[in-house]
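Trainee: Turn this into a model:
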Amino acid sequence: MVLDAVVRLCRVYSQAVDWELCDSGTERSSIDHEEAKSTKHVSNIIKCIIGKMCEFGILAANDGGTLVTILNLSWKGVVTLLQLGKGALAANVNVPDIILTLISLASESLRRAAEAWSSRTEAISVAEAKRTFLPVKFYLINAVRISSQYPCQAFSVYREIILCVLMISTFGFSLSIEKHLKTASEVLAELLEPTYVHLLNSLLNSAQVKEELKFQILDWLFIDECNSSSSVVDPTHSYWAKSMETIFTVSCEAMTSSRILLLSRVALYLNILKCSPDLEEDVRHGIARKLGWLLDVLVDEEVYSSVLVLQVPTFYGSGQTPGLVWQPMFSSLIHSLKTFMVVVSPSPVWSEFEFFLLQNFSHPHFLCWEIVMELWCFMMRHAEIEMVKDIVDKLCSLLKSVASTQSDLTPNCPLRKMTRSICKILSSATESIVDQVYSSIAGDDKSQLSLVMHTALLMEGFPLNLLSDSKKNIAIRRIITDYFGFIDSLDDKTLLDCSSGVFGLPVVAMSAALQSIEVEISDIDMKTLKFVVAIIRKYRSSMDNVMKDHCRKLLSETLGIVSNMKHLYASEAMEEVILELQNLFISGKAAASDTRLYECKPDLASFLAGLGHMEIVESDKNAKTSALWELYHMLLSERHWAFVHLAISAFGNFSQRTSCNHLWRFVPQNAALSFDLETGDEANEERFTSEFKAFLDKEITVTVIPTSEQLGLHLKEGLMLKEMAVAAAAALKISKVDKEAMECERESESEIMKIENEKQTHKRRKLPDGINKGMEMLQHGLKVMDDGISEWQKNEFKTKEFHSKFLAHYSSLKDVIDYLAGLAGSY
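Mentor: So this is what the prediction gives:
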């Protein structure tokens, strides 16, 4: 072939000249000017031939595949000629333009494929997919070779390179969603993914590209901006609903704001993390700085739904024939982060990663929190023990600091959030580490602060079963002793005097502990059942709101205790408990008008689920059985989705264990599952049976293959979670501002106190009456809203989405008001 002969001729000429003479700044007294002219002449010849070969390559590429030999020889010739002269051709040849030409050819080939396949319904064969993607791989491989040889010149077109990479990745995601295109997605992953990752790494890992330029690439690709500005509520408007050819219409200027490329930016970041063992230290540091960006973008509802639902083709194994398997994208994400974590652990970059872990220890978005916790657990399992002990000691100190300013144990308070994370990572810790935490938080300290922290840990699932035997015995003995001490000393004065936020902690601790350990003491059995009856009667007879609040809390916790001590259901005293519950919730005078009893229903559901362990006489004349029917009727007729789930779970557990033959007697005619899902009316017994069976079989009917319906459901869920996370972040920001204001105020007061007279220094500070009155009105307003929300949830059925949004913002408002009340109380 002529093209091949020309390349060989140029190679001979190249070897015959001194390429150092191409540098015009070189001055040597012994330079042969004729030789310099020859070198320049050879350079011009090679430049001209490279230009012509590029033209041949473009013509062959546009010919539709009939000129494969010319296509192959021309572009390989270009690469070979550019490798001559030890890089001296950079000043004479437009290398960036050649790279742009190659990636343009790759993008155009994929655009044509997307256009042809977007309207296609039959499956794509492996052979057809390879015919489409092999030329693209050829263009990319040549671009990689040129970029590796001329990284500085390639940097000038890094945006175009990255855009091409993102388009290919996005095209792969689009193919993976459609069942008939999954084979094409697999071929794309096999042929193109490794190549386009090498293309990007040729810039990031080059010693010739300065560190600040590499950071510039990462900053543009993973830009720190709000990626969740849209609010998608209709899954038909998501980026997966758009046609595939839309992918290839995005420009470089629009890349950072293009939502259709957003998931591919996440996937590319994960690919870089997986390649981190082969990257230089400066690039690893730049990647570590973008870990926060990853969590920020995961809050986006579309990214959230895609990460949870989509599966991606992934290669595993080593050697020349790695296997391909479809893996959930979430699993791929976790694996990439763990890989990076191991790579940077012995390096200075670890400090950046450790800061990321600590900063997001209590992330407000559940998916981000789960990811961070998985990394913490990974570290607890595999890090050196001294390192783990040191960081756990710091966490315990931080927990004590948080607890010293905490006045309650509400589910979303900072203390509960932090203990939740600590307990999560302790599930992967060694026995000595769990002992260390328990000794640091509880130990021999009997102070109120220690009791609060101890209870918070148990409420969040502290792994008592992982303690050493000696520590476990001490912990159980303390829980039982505190529990007996509380129920034996409880009276009206205690019910009125104690702060609501920390009331009944020994009972709460016992209820929480029984979820992870077994306690078999006969005294607990009898005292607990008698205590339940006493609390119910005290609640019904009391007229004081504070006392009733405390009784509701104690009732919930003691029902939880009973549900975890299954042998109590065989006790003769259980009948009295059941009759008292029936009287409280159903037949009592105040049962219908008491809007706050719903707070006890989650634990009532757990209690009723345990009835399967009790012998039940199926007779209308049996008062206990009639009471049980009525209690289940009340629970199963609840319309709020959360109560529906609790009720059907309880009934399912009961049904699987009970010896009752007439289960229909437990189901009311107006059971929530009997109603039409869309309209909320037309109760039907067969519908309840069908829905109940589907609920029991849900683990068997889980769908592995992602569908548009699954994406749509997770999309709506992601939107609600994003709103909750944003609201939580706003509440945290407000609390930080308030804390800073308080610190500034205290500093100002300290300066003033120095110059005031002694009499003035002993005056008690008092907030203005307007603030105190305003706080009372806010708290009273919250109680009124609580009652209204309870009534609203009972009567409304068709506004579940609005309910969720309203309750998310209401919860954040309540947290802020509770925090302000705590500040006012401490003034």
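
Trainee: going forward, measure contacts between C-alpha atoms and count neighbours the same way
Mentor: Will do.

Trainee: how about the helices in the stretch 151-300 of the chain?
Mentor: Ranges of helices in the stretch 151-300 of the chain, per DSSP state H, counting those that start in this stretch, are 151-155, 158-177, 182-191, 193-204, 211-221, 262-274, 281-288, 291-298.

Trainee: And the helices in the stretch 401-550 of the chain?
Mentor: 414-426, 431-441, 448-459, 469-489, 492-497, 505-513, 522-541, 545-563.

Trainee: Need the winner for burial among those helices.
Mentor: Comparing these by mean neighbour count (mean count of other Cα atoms under 10 Å), helix 505-513 comes out on top with a mean of 24.

Trainee: just to revisit the earlier point, which among the helices of the stretch 401-550 of the chain is found nearest to residue 223?
Mentor: helix 414-426 (28.9 Å; Cα to Cα).

Trainee: what's in contact with that closest one?
Mentor: Residues from elsewhere that reach helix 414-426, judged by Cα atoms under 8 Å, 6 or more residues apart in numbering: 361-362, 373-374, 376-377, 380, 395, 399, 402-403, 406, 409-411, 433-434, 456-457, 460-463.

Trainee: at 6 Å what do you get?
Mentor: 377, 403, 457, 460, 462 (Cα atoms under 6 Å, 6 or more residues apart in numbering).

Trainee: Can you give the distance of stretch 104-116 from its chain's centre?
Mentor: Relative to its parent chain, stretch 104-116 has a centroid offset of 35 Å by Cα atoms, centre = their mean, to the nearest Å.

Trainee: can you pull the buried residues of it?
Mentor: 104-107, 109-111, 113-114 (16 or more other Cα atoms under 10 Å).

Trainee: any idea of the mean pLDDT for it?
Mentor: Stretch 104-116 comes out with an average pLDDT of 93.

Trainee: will you turn the buried residues of stretch 104-116 into CSV that also has distance to residue 517?
Mentor: Output for the buried residues of stretch 104-116, formatted as CSV (distance: Cα to Cα, whole Å):
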residue, distance to residue 517
104, 64
105, 65
106, 61
107, 60
109, 63
110, 59
111, 60
113, 60
114, 58
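
Trainee: Next step: these restricted to helices.
Mentor: 104-107, 109-111, 113-114 (DSSP state H).

Trainee: a markdown table for the helices of the stretch 401-550 of the chain, including mean pLDDT and distance to residue 307?
Mentor: Compiled in a markdown table, those are given as follows (pLDDT from 0 to 100; distance: least, Cα to Cα, whole Å):
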| stretch | mean pLDDT | distance to residue 307 |
| --- | --- | --- |
| helix 414-426 | 93 | 22 |
| helix 431-441 | 93 | 33 |
| helix 448-459 | 90 | 30 |
| helix 469-489 | 90 | 40 |
| helix 492-497 | 78 | 49 |
| helix 505-513 | 92 | 33 |
| helix 522-541 | 85 | 46 |
| helix 545-563 | 91 | 36 |
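
Trainee: Residue 571: which of the ones you listed is closest?
Mentor: Comparing the helices of the stretch 401-550 of the chain by Cα to Cα, helix 522-541 comes nearest, at 8.7 Å.
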